[in-house]
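Student: sequence-free structure coming up:
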């Protein structure tokens, strides 16, 4: 571990991704929660049968999540490398001014900007099927624990495009990436059932385990709610907030029956391609790609509009 720390400290500051430094803490918290889950199972085994108990772990499910997280470290680095070229050009040639990285207000713009744009991207990801295909793997586990937090997507193209306004406003590109890494680190700890509701002022402003349990719920009341990253204020302002009133059922509304990480990442793309080929009209094909998850031509024709959103298919 010391050699890794030495290598990272030798890198220029813009290249030191805080997510890499946070990995040991992720593993420590995951191990502590896993140990607690095993001990609680021995004391009070779940009698529900089909439904996982609160805070439960399943080894194969957790290994799938951890494996997807490890691959995502590499894919995210690749996407950031590509984005850096575009961001540098936008920052250098199109931004009307350059905000200094040494001033506090630049950090406020960067972190709040990334958080607001993350909310916007996250909401779109639940409403546009093509983008949902990149995100659905994160929702595919029936378990909710620290391992689930590592079940990350491999296609970050949507987020890369969503961040473009920040270098255009003069935020240095490396600060954009750093701020998103801070967001990812923050969102790790909210993937747990071991933490109940926190003091009301904190719950009002920040995303918490209670709020994020709602987001991962497949229950009708909880679908498409609580998109926030660090702040839950965006959901309160834009009407997508839902408080936790009962323990959610986690996963997709049509649960997956695989721990194969390639299938978990690509299954929705395959389904889109299948629906595209089966459609008779071009407008229906566009609906299958850009409509909300669950969209179907007969539902749109019957109601005169797109079918209701069902984003956890």
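Tutor: Structure received. Remember, it's a predicted structure, so these values are computed and weren't measured experimentally.

Student: looking at stretch 172-191 now, give me its mean pLDDT.
Tutor: Stretch 172-191 carries an average pLDDT of 90.

Student: output the below-cut-off pLDDT ranges for the stretch 1-150 of the chain.
Tutor: 1-50 (pLDDT under 70).

Student: try it again at 80.
Tutor: Counting by pLDDT under 80, the stretch 1-150 of the chain contains low-confidence ranges at 1-51, 53-55.

Student: number of nearby residues for residue 286?
Tutor: 12 (other C-beta atoms under 10 Å). Quick note: C-beta positions are derived from backbone N, CA and C, even for glycine.

Student: tell me which element it is part of?
Tutor: Residue 286 belongs to helix 282-290 when assigned by DSSP states H and E.

Student: now do the helices in the stretch 101-250 of the chain.
Tutor: 104-125, 129-135, 146-149, 157-162, 165-168, 173-188, 200-205, 209-215, 233-238 (DSSP state H, counting those that start in this stretch).

Student: just those helices: most buried one?
Tutor: helix 146-149 (a mean of 24; mean count of other C-beta atoms under 10 Å).

Student: output the contacting helices and strands for that one.
Tutor: helix 18-43, helix 59-89, helix 173-188 (3 or more C-beta pairs under 8 Å, 6 or more residues apart in numbering; DSSP states H and E).

Student: report the angle between the axes of the last one and helix 59-89?
Tutor: Counting by axes from the mean of the first three to the mean of the last three C-alpha atoms, to 10 degrees, helix 173-188 lies at 160 degrees to helix 59-89.

Student: returning to that earlier point: mind listing what's buried along the helix holding residue 286?
Tutor: 284, 285, 287, 288, 289 (16 or more other C-beta atoms under 10 Å).

Student: identify the residue nearest residue 123 in space, chain neighbours excluded?
Tutor: residue 227 (4.8 Å; C-beta to C-beta, 6 or more residues apart in numbering).

Student: of the helices of the stretch 101-250 of the chain, which is nearest residue 57?
Tutor: helix 146-149 (6.7 Å; C-beta to C-beta).

Student: how far does that closest one sit from the chain's center?
Tutor: Computed by C-alpha atoms, centre = their mean, to the nearest Å, the separation of helix 146-149 from the middle of its chain amounts to 11 Å.

Student: again, but for stretch 63-82
Tutor: Taking mean C-alpha positions (C-alpha atoms, centre = their mean), stretch 63-82 and its chain are 13 Å apart.

Student: residue 70: what's it in contact with?
Tutor: Shown in contact with residue 70 (C-beta atoms under 8 Å, 6 or more residues apart in numbering): no residues.

Student: that one and residue 94, how far apart?
Tutor: 36 Å (C-beta to C-beta, to the nearest Å).

Student: what number of residues lie near residue 194?
Tutor: Residue 194 has 15 nearby residues by other C-beta under 10 Å.

Student: same question, residue 271
Tutor: So residue 271, with other C-beta under 10 Å, has 16 neighbours.

Student: wasn't it part of a strand?
Tutor: No: counting by DSSP: H, G, I helix; E, B strand; the rest coil, residue 271 falls outside a strand, being helix.

Student: so what pLDDT did it get?
Tutor: The predicted local confidence for residue 271 is 95.

Student: all further residue positions should be reported with the first residue as 58.
Tutor: New numbering, starting at 58: the last item is residue 328.

Student: I'd like the helices of the stretch 158-307 of the chain as a markdown table, with distance to residue 308 appended.
Tutor: As requested, the helices of the stretch 158-307 of the chain are arranged in a markdown table below (distance: least, C-beta to C-beta, whole Å):
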| stretch | distance to residue 308 |
| --- | --- |
| helix 161-182 | 17 |
| helix 186-192 | 14 |
| helix 203-206 | 10 |
| helix 214-219 | 22 |
| helix 222-225 | 33 |
| helix 230-245 | 18 |
| helix 257-262 | 24 |
| helix 266-272 | 12 |
| helix 290-295 | 21 |
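
Student: tell me which of those lies nearest to residue 320.
Tutor: It is, among these and with distance given as C-beta to C-beta, helix 186-192, at 12.8 Å.

Student: tell me which other helices or strands that closest one touches.
Tutor: Using 3+ C-beta pairs under 8 Å, 6+ apart: helix 186-192 touches helix 161-182, helix 214-219, helix 318-335, helix 339-347.

Student: can you redo the ones you listed as TSV with distance to residue 278?
Tutor: Formatted as TSV, the helices and strands packed on helix 186-192 follow (distance: least, C-beta to C-beta, whole Å):
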stretch	distance to residue 278
helix 161-182	18
helix 214-219	27
helix 318-335	24
helix 339-347	26
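
Student: of all those, which lies closest to residue 259?
Tutor: Using C-beta to C-beta, the helices and strands packed on helix 186-192 put helix 161-182 closest to residue 259, at 16.0 Å.
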